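Student: Sharing a model prediction with you, sequence too.
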Amino acid sequence: MSSEIYRDKILESYRHPKNYGSIDDAQIKVKESNPLCGDDMEMHLKLDADNKVSDIKFTGRGCAISIASASMLTELVKGRSLEELRSMDKQELLQKLGIDSLQLNPVRIKCALLSLKTLKVGVVSHLGQQLSAEEVNVLENEE
């Protein structure tokens, strides 16, 4: 993997992730993993009375892209509704990371999208729904 992928922004977010930790009274708690590289992610979301994200934290272990992605995602989603989270496009997260999906091989894309997958699985589970086949394909980068 070329060193250009690990831009300063990604390394800074990896070394000093924002919103790292847990929320004891979170309404949504979800764990996901990326078996291809061994990354694990857990997210906790606290919702306000309007079902908007009032707080979000994550824990886990993983590569720089995975941890940086989770840190940046938590910043992106604060204040958003569950429906906004469900419809969030992967390009928004990749843009925040400063990378293009064409720059990464399929394994690294899965690392970059693990946090978004974790978030969406938690949201749809909380809503009593399931991810559609199309949503899974987008998150698995099989579009």
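Tutor: Cool, got the structure.
Student: now the strands: where do they sit in this protein?
Tutor: Along the chain, the segments classed as strands by DSSP state E run 28-34, 39-47, 53-61.
Student: so the first one versus strand 53-61, what angle?
Tutor: Comparing the axes of strand 28-34 and strand 53-61 via axes from the mean of the first three to the mean of the last three C-alpha atoms, to 10 degrees yields an angle of 30 degrees.
Student: Which strands border strand 28-34, and is each parallel or antiparallel?
Tutor: Strand pairing for strand 28-34, using DSSP bridges, gives strand 39-47 (antiparallel).
Student: Give me the contacts around the strand it pairs with.
Tutor: For strand 39-47, contacts defined as C-beta atoms under 8 Å, 6 or more residues apart in numbering pick out 22-23, 25-34, 53-63, 66, 70, 82, 111, 114-115, 118-119, 122-123. Just so you know, the C-beta spots here come from the backbone N, C-alpha and C atoms, and that holds for glycine as well.
Student: again, only using 6 Å
Tutor: 22-23, 26-33, 53-62, 66, 111, 114-115, 118-119, 122 (C-beta atoms under 6 Å, 6 or more residues apart in numbering).
Student: again, but for stretch 55-66
Tutor: 6, 10, 14, 19, 21-23, 39-46, 70, 74, 111-112, 114.
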